[in-house]
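Peer 1: the following block contains a protein sequence and its predicted model.
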Protein chains: 2
Amino acid sequence: MKNVNIGILGATGVVGQEMMKILEERGFPVASLRPIASARSAGGTVKFKGTDVTIVEASDNAFDGLDIVLGAAENDVAERFATSIVNAGAVFVDNSSAFRLDPKVPLVVPEINPEDVKQNSGIIANPNCTTIITMVAVAALAKESPIESIIASSYQAASGAGKAGLDELRAEALAYASGETVEPKAFAYQLAINVIPQIGGEQYMGYTSEEMKMQNEGRKILHLPEMNVSCTCVRVPVFRSHSVSVVLRTKETIGVERARELIAKAPGAKLIDDLANKQYPMPLDTSDQDVVFVGRIREDLTDPNGLNLWCCGDQIRKGAATNAVQIAELLLD
Amino acid sequence: MKNVNIGILGATGVVGQEMMKILEERGFPVASLRPIASARSAGGTVKFKGTDVTIVEASDNAFDGLDIVLGAAENDVAERFATSIVNAGAVFVDNSSAFRLDPKVPLVVPEINPEDVKQNSGIIANPNCTTIITMVAVAALAKESPIESIIASSYQAASGAGKAGLDELRAEALAYASGETVEPKAFAYQLAINVIPQIGGEQYMGYTSEEMKMQNEGRKILHLPEMNVSCTCVRVPVFRSHSVSVVLRTKETIGVERARELIAKAPGAKLIDDLANKQYPMPLDTSDQDVVFVGRIREDLTDPNGLNLWCCGDQIRKGAATNAVQIAELLLD
């Protein structure tokens, strides 16, 4: 592929909007861009490279003539249109979780397993945001010695729940100042000045769907089918950038100094690890960027083969839109 | 002791104020109350049982005639006056970390190790807030089978940094609404719409002083000198109530159902664990209360003897002031 006719399915959402911005930023060779959304948005316009582009209603024929479709819609929409996209001859790079664990569908983080893209049959899945951020942080360690287990606790931003989540936190923050409260809709409870220890519904043995993604998707991305992950996913009152407190155990001991070296060189990762000078990743500093920031690397005091670390990454960019555009770039070659 | 002459060292701070409120609430048999603070506050008054009580300046003679002194001051103040308090014949129940690891000083959570109070030589230490909350959550499990290790990630409220921390988060939240920012002083960075993965200075192998407290104090409280703890302490934009994501490994397997039974009956703990109905502890629901709320109990997917849980507790009350008053109550018997 040289000049690409590209479609964005779910073009009006937070991730869809960011995908267009990132295509532009990275100089992706776009021959034409077709924003696709529900009937409600169709006929309206979105901006791309300074031009208003008309939104097309999602339908079986909406994908004709496209080479790549970036999916930024929910599972039901992705499932509804996947066959139409593939039948139209386009490759579907899908950000929903609908196809991620399908053995015929590659699940790709371009810095980690770019070669998996080749095995696609028309669909390539973009992993879960928290999983992408954590896997970019730990992939270099997994190459040094296989990761046997991960214990992770997340601090996830409101933007993980899309525009509705962002808007709700913003409204709650403003309401706080005027002494009012807002009826929560995007989240089950007020998120401002609170944390909510549930993301997704119950899925497996008391773990939520979000919590199981890090194990199930992480195994596939790292090619470590035996890796076990105990994850606790928590929503925090932050707009962008998820943070994750990670303890990982590798087959052989890596050690803190070697881990720092490996992460400093790892593609897509940036080491910020100087506690004495109060340098470590934080959501405010790591938003609107494409790399995953890693710090607080320490020996795990409970296991000689364990390492603790703290990572932050913008979940809309590297956790979703940028990763999808990077996958599309792999398809150009 | 029947009717107690009680002093509050650090009476004007968040914890000191809460101690007076809790003495009143619990009907503690106060014969007289003496608020003690720095020269700056001396001569002013604080309210106790509806009466204005004059604040006395901290000095070597300020403790004469007292039976119990509740310490709500920083380490340097506690160290400066501990001998004067003991020489005055009072028992010093100290909330600072100055004496917690001293082998001659009991470190007490009344629901867990009340009998340790008897071994005091005039000083009894109140543990760290995050440690108290986590230990109340896990103590019943430790009795069933010894805890060998804990991996914990905390979500700590601004009130852990006292009135200055509370005021700063409040100011930042209000500034957000007017599009302004506030220069951080109580915290190293802006806390509103952010999380900060450092509490305390660097202490041991890249861990902060706050992070090491859960291992060092937890061992002493649970009488488990071999227990290892890997802790990551993180400040989150919440006013009161710390939350902790805990993974613990016991010598023998306990299992989720038995763990629920044990925690439901545990003194000072309350089980709120029904994910299907979105019931779990959160800071907003657990503030201004004295019990530690526990939920999200799950098997650890990385270890058959492991259990995951999530706990929340008001750090000013059970994490500090209430626990100190409960220790004072033990001294009445």
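Peer 2: In hand now; what should we look at?
Peer 1: chain center to the helix or strand of chain A with the lowest mean pLDDT, what's the gap?
Peer 2: Lowest on mean pLDDT, DSSP states H and E among the helices and strands of chain A sits helix A:162-177, with a mean of 92. Counting by CA atoms, centre = their mean, to the nearest Å, helix A:162-177 is centred 21 Å from the centre of its parent chain.
Peer 1: contacting residues for the residue lying closest to residue A:168 once chain neighbours are set aside?
Peer 2: Using CB to CB, 6 or more residues apart in numbering or on different chains and skipping residues adjacent in sequence, the residue nearest residue A:168 is residue A:186, 4.2 Å away. Every residue, glycine included, has its C-beta placed from N, CA and C. Counting by CB atoms under 8 Å, 6 or more residues apart in numbering or on different chains, residue A:186 makes contact with A:158, A:161, A:162, A:164, A:165, A:167, A:168.
Peer 1: phi, psi of the first one?
Peer 2: So the one you mean is residue A:158. Residue A:158 adopts backbone torsions of phi -60, psi -30, taken as degrees, to the nearest 10.
Peer 1: right, and it touches residue A:191 too?
Peer 2: Yes: in this structure, residue A:158 is within contact of residue A:191 by CB atoms under 8 Å, at 6.2 Å.
Peer 1: where does residue A:92 fall, helix, sheet strand or coil?
Peer 2: strand (DSSP: H, G, I helix; E, B strand; the rest coil).
Peer 1: to which secondary structure element is the closest residue to it other than its chain neighbours assigned?
Peer 2: Nearest residue to residue A:92 in three dimensions, chain neighbours excluded: residue A:85, at 4.4 Å (CB to CB, 6+ apart). In this assignment (DSSP states H and E), residue A:85 forms part of helix A:75-87.
Peer 1: okay, buried residues for that helix please.
Peer 2: Judged by neighbour count using 16 or more other CB atoms under 10 Å in any protein chain shown, the buried positions of helix A:75-87 are A:77, A:78, A:81, A:82, A:84, A:85, A:86.
Peer 1: which of those sits closest to residue B:227?
Peer 2: residue A:78 (46.6 Å; CB to CB).
Peer 1: secondary structure element holding the residue nearest to the closest one when sequence neighbours are not counted?
Peer 2: Nearest residue to residue A:78, sequence neighbours excluded (CB to CB, 6+ apart): residue A:96, at 3.9 Å. Using DSSP H and E, residue A:96 is not contained in any helix or strand.
Peer 1: do I have it right that residue A:96 meets residue A:80?
Peer 2: No: counting by CB under 8 Å, residue A:96 stays clear of residue A:80, with 10.7 Å between them.
Peer 1: next one: phi and psi at the residue in the stretch 1-150 of chain A positioned nearest to chain B?
Peer 2: Per CB to the nearest CB, residue A:149 is where the stretch 1-150 of chain A lies closest to chain B, at 3.8 Å. Reported as degrees, to the nearest 10, the phi and psi values for residue A:149 are phi -150, psi 160.
Peer 1: so who does it touch?
Peer 2: A:227, A:228, A:229, A:230, A:248, A:249, B:302, B:303.
Peer 1: right, and the residue nearest to residue A:92 touches residue A:99 too?
Peer 2: No: Residue A:85 is not in contact with residue A:99 according to CB under 8 Å; the separation is 11.4 Å.
Peer 1: quick revisit: what sits in contact with each of residue A:158 and residue A:191?
Peer 2: In contact with both residue A:158 and residue A:191: A:168, A:169, A:235, A:237, using CB under 8 Å, 6+ apart.
Peer 1: and those, which is closest to chain B?
Peer 2: Nearest to chain B among the shared contacts of residue A:158 and residue A:191, with distances taken as CB to the nearest CB, is residue A:237, at 5.4 Å.
Peer 1: which SS state does that closest one fall under?
Peer 2: coil.
Peer 1: neighbours of it, how many?
Peer 2: 25 (other CB atoms under 10 Å in any protein chain shown).
Peer 1: same deal with residue A:180?
Peer 2: Count around residue A:180 with other CB under 10 Å applied: 10.
Peer 1: on the three-state scheme, it is what?
Peer 2: coil.
Peer 1: list the contacts for it?
Peer 2: Contacts of residue A:180 (CB under 8 Å, 6+ apart): none.
Peer 1: if I look at it, how far off is residue A:101?
Peer 2: According to CB to CB, to the nearest Å, residue A:180 stands 43 Å off from residue A:101.
Peer 1: again with residue A:290
Peer 2: 26 Å.
Peer 1: ok so, going back, for the shared contacts of residue A:158 and residue A:191, which one is nearest residue A:91?
Peer 2: Distance to residue A:91, by CB to CB, is smallest for residue A:235 among the shared contacts of residue A:158 and residue A:191, at 32.8 Å.
Peer 1: that older thread, show residues contacting the helix holding residue A:85.
Peer 2: With CB under 8 Å, 6+ apart, helix A:75-87 has contacts from A:7, A:9-10, A:58-63, A:66, A:69, A:71, A:92, A:94, A:96-99, A:121-123.
Peer 1: break chain A into its domains for me.
Peer 2: A:4-127+A:320-332, A:131-315 (automatic domain parsing).
Peer 1: in the stretch 51-200 of chain A, where is pLDDT below threshold?
Peer 2: Scanning the stretch 51-200 of chain A for pLDDT under 70 picks out nothing.
Peer 1: flag every residue of it that's near chain B.
Peer 2: Counting by CB under 8 Å from any CB of the partner chain, the stretch 51-200 of chain A comes close to chain B at A:149-151, A:153, A:155, A:173-174, A:176-178, A:188-190, A:192-198.
Peer 1: and those, which of them are in helices?
Peer 2: Of these, the ones assigned to helices by DSSP state H are A:173, A:174, A:176, A:177.
Peer 1: list buried residues within those residues.
Peer 2: A:173, A:174, A:176.
Peer 1: check contacts around the second one.
Peer 2: Pointing back at residue A:174 there. B:176, B:177.
Peer 1: so who does the closest residue to residue A:312 other than its chain neighbours touch?
Peer 2: Distances taken as CB to CB, 6+ apart put residue A:281 closest to residue A:312, at 3.7 Å, once the chain neighbours are dropped. When contacts are counted by CB under 8 Å, 6+ apart, residue A:281 touches A:243, A:272, A:293, A:294, A:295, A:310, A:311, A:312, B:197.
Peer 1: and which of the residues you listed is nearest to residue B:34?
Peer 2: Of all the contacts of residue A:281, residue B:197 has the smallest distance to residue B:34: 40.1 Å, by CB to CB.
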